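Chemist: Attaching a predicted model along with its sequence, questions to come.
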Amino acid sequence: MSNLPSQPLRVADLSTNKPTRFELIPDHPSLQAIAAELGLQGLRKLRFKGEVRASGKRDWVLEAQLGATVTQPCVVTLDPVTTRLEEKTERRFVAEMPDYDDNAGGDDGVEMHEDDSIEPLGSHIDPAAVMIEALSLALPLYPRADGAAMGEANFTEPGKDAMTDEDTKPFAGLAALRDQLSGKD
């Protein structure tokens, strides 16, 4: 990714008195690589602008604005759907991760902290990695083209009535039974 920083920001080199500003605008080959990594049909106008600043004695905060135009396939028609994304992003890099409640993960042993913006602080902070993660989280899960609607498909044997969505509702059978009992058949 030629227009992205080749090296993440080294924490030891960051100023504790003033923020370190950055602006990432990937070039065309980088956009294509990111689009391929995220499974997008297209990606243009990606911009990630923000700053990294000290927070307390040992922690750091990255705040940035993500702007991107993405193209994804419609979940109904597979036609291209273009979406403009504008997202604020914040990551807190902490020297000591907060204590987790031992029972929060249940029996499966998975522990998740409520604040998903917290990251463990390493020796480097990588704005390009945060940009790609923020972009992937901002993508529409089910992009839909204008006017695209799911139709109703009915399949059954010849000579029989097809089951409809209405028939699958929990009390549809009771309504038919009621009608039979009252002699409306």
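Modeler: Perfect, thanks for sending it.

Chemist: how many other residues sit next to L31?
Modeler: 20 (other C-beta atoms under 10 Å). (C-beta placed from N, C-alpha, C; glycine too.)

Chemist: What's opposite the closest residue to it other than its chain neighbours in the beta bridge?
Modeler: Leaving out its chain neighbours, the residue that sits closest to L31 by C-beta to C-beta, 6 or more residues apart in numbering is L43, at 4.9 Å. For L43, the beta-bridge partners are V70 (DSSP bridges).

Chemist: With the one 10 residues further on instead?
Modeler: When bridges are assigned using DSSP bridges, the partners listed for R53 are V61.

Chemist: Run through the residues that contact the residue nearest to L31.
Modeler: L31, Q32, I34, A35, A68, T69, V70, T71 (C-beta atoms under 8 Å, 6 or more residues apart in numbering).

Chemist: any idea how far the first one lies from G42?
Modeler: Taking C-beta to C-beta, to the nearest Å as the measure, L31 falls 9 Å from G42.

Chemist: just the second one next, same as before
Modeler: Taking C-beta to C-beta as the criterion, Q32 is separated from G42 by 9 Å.

Chemist: for the last one, same thing?
Modeler: Here the criterion is C-beta to C-beta. By it, T71 lies 3 Å from G42.

Chemist: tell me, what's touching those two both at once?
Modeler: Joint contacts of T71 and G42 (C-beta under 8 Å, 6+ apart) are P80, T82.

Chemist: Now the residue nearest the centre of the chain: which helix or strand?
Modeler: In the chain, the centroid-proximal residue (C-alpha atoms, centre = their mean) is L137; its distance is 2.2 Å. Here L137 sits within helix 127-138, counting by DSSP states H and E.
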